[in-house]
Structures are given as structure tokens and as C-alpha cells.
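Student: need a structure here:
(3 chains)
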Amino acid sequence: MSSHLAGLNPQQREAVRYLDGPLLVLAGAGSGKTRVITRKIAYLVAECGIEARHVAAITFTNKAAREMRDRVAELLPGKQAKGLTVSTFHSLGLRILRVEARRLGYKPRFSVLDAADAQQILSDILKNPDRASLRQVASLISTWKNALLAPTEARAAAGDDDEIQAALAYQAYQDTLRAYQAVDFDDLIRLPVVLFREHPEALATWRSRLRYLLVDEYQDTNGAQYEILKLLTGVGGRFTAVGDDDQAIYAWRGADVENLRRLNDDWPNLRVIPLTQNYRSSQRILRAANSVIRNNPRLQEKNLWSELGLGDPIEIVRCRDDRHEAETVALRISAHKFEHRTRHADYAILYRGNHQARLFEEALRENRIPYQISGGQSFFDKAEIKDLTAYLRLIANPDDDPAFIRAATTPRRGIGAATLEKLGDHAGQRHIGLFAAVYETGFQENLPARQLESLLTFADFIGRLAGRAEREPAGRLLDELLAAIQYEQWLFDNEDERAARAKWANLREFVDWLSKKGEEDGKSLIELTQTVALMNLLEGREDEAPDAVRLSTLHAAKGLEYPHVFLVGVEEEILPHRECQEGNRLEEERRLMYVGITRARRGLTITWCGRRKRGGEIVDCAPSRFLDELDPAEIRRAGETSDPGQDAREDGRRRLSALKAMLGPGK
DNA sequence: TATGTCCTTTTTTTT
DNA sequence: AAAGGACATA
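Tutor: Sure, this is the predicted structure:
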């Protein structure tokens, strides 16, 4: 038998081998769906004579893409995997757009705006909107984009007055992006669809390039992503989609589980293979997960089963408050690690919202437990990195007004709000970018000499860099750039020493990485800048702390697994979230709980607090309703006894073992 | 007019 | 507990 089929169960093997038509693999949590995808890639390339460059695997996050690439590399040694595409829909979209930009009236050096830039633009359009309506309009626009509605179509479809206003804002927003030669995240999906619909020859090119598609986490695709899949694979349906409707947790971002059903409508010959054996979790964990998800209305009851042992009891721990919760988890990890000789990396702390991470960070630091946060603020969202990339974006694309504003005012160099407003007015009248407007005589005549000088100094500086950016080594230019703007000094002048140091170190790391890349690949600063726009999405740097407790949001933990999971803050208002108390949204929260539980292999500890600090105020908390849904036979409760002494004694024992762990025989 | 400071508000999840 | 906005200062 082929080595690429070895060790797979019959369903998995069937899923790998099936190539006669479109295939949907309905894979329960932990049933080895990623394994099916990686093996199938290897099988296609090594056994079916399909070149790797004709195969594309789509993952949900860039991190997942990186992991999948690594796994495939192990299965396909040497150059066999060369040219294989493993990326998110967004990265694939970006790659397509860079090549095809001109057909859509964009220049190839268009900028990619992050969410903050996009929101700023929208905020300018709406003229001082309150937070709520800004959010609402932004989310409406996103919904429309994901449903592939153009601004005019959105306006036609708009019902009430709010929606009409939002549709008008959508139009203005899209015009602005066009003027900036910029696209937002949603455009990375939407524009390729527009391209393929309007330019059949472009579609033909990409169809012949990407001949087989594998889509992971299919339940979380949105309408536009589905359309890309449809366009690229055509009536032949050369694809394998893998998904689990119980793990759909991105409806708020336009994902639609309905896409699972739609597959059958669009390809009547769709083959469906369910994977029901779980290879990850103990039976207790599986039963607990099932007992929760059972409360959602589902098409059909899934019968996930496992041959792994019964496993440790699941613990529910009541904590006094959020501080106590963090401390409890830290101590338990210490004690458990000491007792069972595990590694730090065997533990994960999962929570609903990013802000919950802070207290756990503190507690882990205090207890000298190494940790690593995944998700949360990415490297490229850090202010210092965004500052530098603003310069790079501007150098590559002078129409990028948001980049102009950020670069021109960071560090401060005598260009203030009033100057920028005048510049903006003029640029608006003449329909040109801020950078170009600086050099218009009509503008210069009406500006005091001092402000004009500041602007000219800045624009000339950028212009000079841009002129050299295509030829000179990136490293030297970057060093020069940072020295010229005196960024390091500015950091230390404006931040306290600790923060400044950290930021400067981040920036150095970024610059060194860019310089090295420029040298190795012989890329110019301009070319690198295009990669940086991509890197904004490809968030990962390679170095992951090898042995550290993982901290992650539930969303970011999807697809991952850990021997021991701490599911924290499982309270009403948090999980389910305050805004998601009923209907579809509550069901999605339940799936989130389900995802959390099924991340665990052997150990699962769930914590909740009697009260916690919420934005400065202390509020009382109630345990999540999902805790009541857990099968009581599988759980053990702690901290809820009537004898308060028992907790203290238990706590004492834990502290003692934690202490031993620290003093214990080295690390 | 540019900038720094103080004081307000705010919390979902991510590409 | 951080970020953005109003206000005071240079």
C-alpha cells in the first residue's frame, strides 16, 4: 500500500484517494482532518503525478498554513513540494491581485490597509460618528462585500434609512480606497471574484495554474470565498472541502454554514465522507463536549467516539475573583507539571476575549512560568512596526494617504492637523494624493512658509528614498531611514524606558529580518515592501517559544490541540458573551465552548469567578449556563463546597507542590 | 499652529 | 487599563 495511505482509517483513506469529483469531508473535532489534507496533498503529488504547483490548500489562518506547509514538507522531501500553494483565502487573493491588478484598474503596487486604517477612513467619511454607528456601518459594509454586493447594489437592497446611509458611506469608502490605490481585507476576497467574472481569460489562467483545491475549515467560509472556490474549480469540482458545522464560529464575520449545504446544490455529484473517530481526546472530554453541543439544533447527531482511555476527570473550579483565577491556574500548572513531569508547552489557557490574557500573563510571570500568547495583537499590529511600514508603504505607493499621514506625523516634525487639513482640502479638489498635492503651486501659494518647508522637507525625503529603493540594498536604506527620522531617540523621549527599549528591540528585529531577506533573495526595498504588505497578513515569525504555556483566544485555538487545557472565565456575559444571549448567536457561543473543550487531549479544567473587574469596576458574575449543560457524570467541582476551609487547605497543598516544583531538581 | 497632558470613555471573536 | 478626544501651553 502507498505510504501516504498508511496508518489511516478506512474513511480517511477513502477521502485521500477519492478524485473522481467534488468531495466534502465532514470531520468531527479531532478526527484527523488536517491529516487527511496533508496526506492527500502528498498523495496527489507523489502518486498521481500532479505537480505541486498545480495544487492549492486553503487554510483559515496563516499560522495553520505554515504548520501545514511544514507537515507536507515532511511527507514530500526534497523538491517535490516546490511551488505548492498553502495559504489563506486572503493571501491567495493578494497573490492573485498583485499579478492582475492592472485589469482591475489598480497599480500592482497597491497598498493593503489594515482594519485600523480602514476604520479611520470610514470615520472621516461619516464625520464624527459615535462608536456604535461606526461599528455598525463598518460591519454592514463588510457584510455587503462578503455577499459580493457592489455599492450600487447595496443601495438598491438597503431597507431602512440607516442602511441607505451606510450604502452611501460604502460608495464613498470604496471611492476613497480607489483613490488611495488601496484595498482592505474584504477586497482581497471580493476583487478576485470581480476579476474572474469580468475577465474570463484571467480565470482561465488561474484555473490551469491551480488544478486541485483543498479547503480546510470549510464551515467558516463566507459567500465570496465560496464563489472563488466555485470559479476556480468550475463544473468539474476538483476540490476537497473539509469542515465541521459544530465548529462554525465565524458567522459574525460573514461565514455561513449554509455553504456546506450549498455544495450539494451546486455539485449534485458531491461525495460526502464523514469522519467520526476521534483520535485526540479522552472519552470523558468527548462525552462532555457532546453533552454541550447536543443543546444546539443540528442536522444530525454526530457520533464522535474515541478509543483513548476514560481520562482524567474534568474539573470545574470556582474562583473568588479574576486575580484569584489567574493565580489558581498558574499554581495548578506548576503543581501538575511537577507531579506529572510534563512540559510547559503541554498546557494551554483559553479564553473568550483578548483582554482576559493580561492577568494570566502577570500570574505566569510571577510564578516564573514561560508563556506564549498566540493570537491577540500580532507583531505587525504593534505601533512601532506600523510606523515603519507606513514609510515603506508610502515609498512604494505615493497615493497611500493614510501612510502619508502616519509617516508625516511620526515622529512629529512640525506637520500638524491644520497643515494636513489644508493639504487634504487641496488634494481633494484636484483629485490627487496628499504626496502629489505638496508639489502643486496652487497649494504652495496659500501656505505659510514654515509649514510648507516642513512638508517639502518630508516629501523630498520620501522622494529621494523612493528613487533609491529599487536599486540599493534594503538593509542600508532602512538603517539610513531610521537614523534620518531619529526614531530611536523619539521613542526614548516619549515613552518610559522599558517600553521604549521593547519597541526599539521589536523594530530592530523587524529591520534585521527585512535586511536579511533582501540580501538572501536579492530583493530591493520596493519588492520587500510588497512582501511586507503580505507579511501583515502572514503574521508569523518563525521563532515560537519551544516550551511555553500557550495563551490563546478560543477563536485562535481552533484547529489546535493540547494535552491539558484550562478553559477560563466561563461565566455568563463572557461565554456566552453579553451580546450573544439568544438565537443563532447563542448557538455560536455554544460551539465556541465546544471548540474549547475539544482542544483538550487528556486534561480539562474549567474555571469561573464569583466576581471580576470589568473596565475598572468590580461586578458579580454567574457561572455560564453551559456548565449546567455538561454531563454531571463527567465533572468534579472544586471551590463550591460549603466548607471554606477545604479550599484553603487544597490551595495550601498546591502552593506547596508548586514551591517544590520551583526548588525542584532544575529545569 | 503644533504638541503634550489630562481626562474621558470603553470591551468579542480575526483576515 | 488603554486609547482617543478636549484643553492648555509654548
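
Student: Secondary structure element for A:L604, which one?
Tutor: strand A:600-614 (DSSP states H and E).

Student: Quick one: name whatever helix or strand follows that strand.
Tutor: In N-to-C order, the element after strand A:600-614 by DSSP H and E is strand A:617-620.

Student: residues making contact with that following strand?
Tutor: A:D321, A:G610, A:R611, A:R612, A:K613 (CB atoms under 8 Å, 6 or more residues apart in numbering). For every residue, glycine as well, the C-beta is placed using N, CA and C.

Student: what's the average pLDDT for the next helix or strand after it?
Tutor: Downstream of strand A:617-620, the first helix or strand assigned by DSSP H and E is helix A:625-629. Averaged over helix A:625-629, pLDDT sits at 94.

Student: Could you list the paired strands of the following helix or strand past helix A:625-629 along with their orientation?
Tutor: Moving toward the C-terminus from helix A:625-629, the next helix or strand (DSSP H and E) is strand A:635-638. Sheet pairing of strand A:635-638 (DSSP bridges) gives strand A:314-321 (parallel).

Student: what angle separates the partner strand from strand A:600-614?
Tutor: 20 degrees (axes from the mean of the first three to the mean of the last three CA atoms, to 10 degrees).

Student: which residues of the stretch 501-650 of chain A fall in helices?
Tutor: A:525-535, A:554-557, A:583-597, A:625-629, A:644-663 (DSSP state H, counting those that start in this stretch).

Student: Please see if stretch A:198-216 touches DNA strand B.
Tutor: No: using CB under 7 Å from any atom of the strand, we find that stretch A:198-216 stays clear of DNA strand B, coming within 12.6 Å at best.

Student: now what about that stretch, what contacts it?
Tutor: A:33-34, A:37, A:40-41, A:44, A:50, A:53-60, A:64, A:68, A:85, A:96, A:100, A:103, A:195-196, A:221, A:229, A:231-234, A:238-243, A:559.

Student: DNA strand C contacts on the stretch 1-150 of chain A?
Tutor: So the stretch 1-150 of chain A meets DNA strand C at A:A116, A:S123 (CB under 7 Å from any atom of the strand).

Student: which stretches of the stretch 1-150 of chain A form strands?
Tutor: Counting by DSSP state E, counting those that start in this stretch, the stretch 1-150 of chain A has strands at residues A:23-27, A:55-59, A:85-88, A:111-112.

Student: Can you lay out these as JSON lines showing distance to A:D160?
Tutor: Below are these laid out as JSON lines (distance: least, CB to CB, whole Å):
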{"stretch": "strand A:23-27", "distance to A:D160": "38"}
{"stretch": "strand A:55-59", "distance to A:D160": "36"}
{"stretch": "strand A:85-88", "distance to A:D160": "34"}
{"stretch": "strand A:111-112", "distance to A:D160": "33"}
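
Student: so where's the stretch 151-300 of chain A uncertain?
Tutor: Within the stretch 151-300 of chain A, no stretch has pLDDT under 70.

Student: which stretches of it form strands?
Tutor: A:182-183, A:212-215, A:239-243, A:271-275, A:277-278.

Student: cool, and the stretch 301-450 of chain A?
Tutor: So, for the stretch 301-450 of chain A - with DSSP E, counting those that start in this stretch - the strands run A:305-306, A:314-321, A:347-351, A:371-373.

Student: Tabulate the ones you listed (JSON lines), appending mean pLDDT.
Tutor: Output for these, formatted as JSON lines (pLDDT from 0 to 100):
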{"stretch": "strand A:305-306", "mean pLDDT": "87"}
{"stretch": "strand A:314-321", "mean pLDDT": "92"}
{"stretch": "strand A:347-351", "mean pLDDT": "95"}
{"stretch": "strand A:371-373", "mean pLDDT": "87"}
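
Student: In a markdown table: those, plus distance to A:R578 and mean neighbour count.
Tutor: Putting the strands of the stretch 301-450 of chain A into a markdown table (distance: least, CB to CB, whole Å; neighbours: other CB atoms under 10 Å) gives the following:
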| stretch | distance to A:R578 | mean neighbour count |
| --- | --- | --- |
| strand A:305-306 | 34 | 18 |
| strand A:314-321 | 18 | 20 |
| strand A:347-351 | 15 | 27 |
| strand A:371-373 | 24 | 19 |
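
Student: right, so of those, which gets closest to DNA strand C?
Tutor: strand A:314-321 (12.0 Å; CB to the nearest atom of the strand).

Student: where does the stretch 351-500 of chain A come near DNA strand B, residue by residue?
Tutor: Close to DNA strand B, as judged by CB under 7 Å from any atom of the strand, the stretch 351-500 of chain A has residues A:352-355, A:375-376, A:378, A:409, A:412-419, A:448, A:451, A:494.

Student: So which of these belong to helices?
Tutor: A:T409, A:A417, A:A418, A:T419, A:Q451, A:N494 (DSSP state H).

Student: wait, what's in contact with the closest residue to A:Q80 other than its chain neighbours?
Tutor: Of all residues not flanking A:Q80 in the chain, A:V45 sits nearest, at 5.8 Å (CB to CB, 6 or more residues apart in numbering). Going by CB under 8 Å, 6+ apart, A:V45 touches A:E51, A:A52, A:V55, A:L76, A:Q80, A:A81, A:L84.

Student: For the residues you listed, give me JSON lines that also has distance to A:R287.
Tutor: Output for the contacts of A:V45, formatted as JSON lines (distance: CB to CB, whole Å):
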{"residue": "A:E51", "distance to A:R287": "45"}
{"residue": "A:A52", "distance to A:R287": "41"}
{"residue": "A:V55", "distance to A:R287": "38"}
{"residue": "A:L76", "distance to A:R287": "38"}
{"residue": "A:Q80", "distance to A:R287": "42"}
{"residue": "A:A81", "distance to A:R287": "39"}
{"residue": "A:L84", "distance to A:R287": "39"}
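
Student: Drop anything exposed from these.
Tutor: A:A52, A:V55, A:L76, A:Q80, A:A81, A:L84 (16 or more other CB atoms under 10 Å).

Student: Output those as JSON lines; include the columns pLDDT and distance to A:P576.
Tutor: Converted to JSON lines, the buried ones among the contacts of A:V45 look like this (pLDDT from 0 to 100; distance: CB to CB, whole Å):
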{"residue": "A:A52", "pLDDT": "94", "distance to A:P576": "44"}
{"residue": "A:V55", "pLDDT": "96", "distance to A:P576": "40"}
{"residue": "A:L76", "pLDDT": "91", "distance to A:P576": "43"}
{"residue": "A:Q80", "pLDDT": "88", "distance to A:P576": "47"}
{"residue": "A:A81", "pLDDT": "88", "distance to A:P576": "42"}
{"residue": "A:L84", "pLDDT": "94", "distance to A:P576": "40"}
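
Student: strand partners of the strand holding A:L604, parallel vs antiparallel please.
Tutor: strand A:314-321 (parallel), strand A:562-567 (parallel), strand A:617-620 (antiparallel).

Student: Now look at it and say if it contacts DNA strand B.
Tutor: Yes: residues of strand A:600-614 contacting DNA strand B under CB under 7 Å from any atom of the strand: A:R614.

Student: Low-confidence ranges, the stretch 551-667 of chain A, go.
Tutor: A:639-667.

Student: one more time with 50, if that's ok
Tutor: A:641-646, A:648-649, A:664-667 (pLDDT under 50).

Student: quick one: the closest residue to DNA strand B within chain A from A:R585, how far?
Tutor: Taking CB to the nearest atom of the strand, DNA strand B has its nearest neighbour within chain A at A:G615, 1.9 Å off. From A:G615 across to A:R585, the span is 22 Å (CB to CB, to the nearest Å).

Student: who has more neighbours, these two?
Tutor: Between A:G615 and A:R585, A:R585 has the larger neighbour count (other CB atoms under 10 Å), namely 15 against 6.

Student: All set now, cheers.
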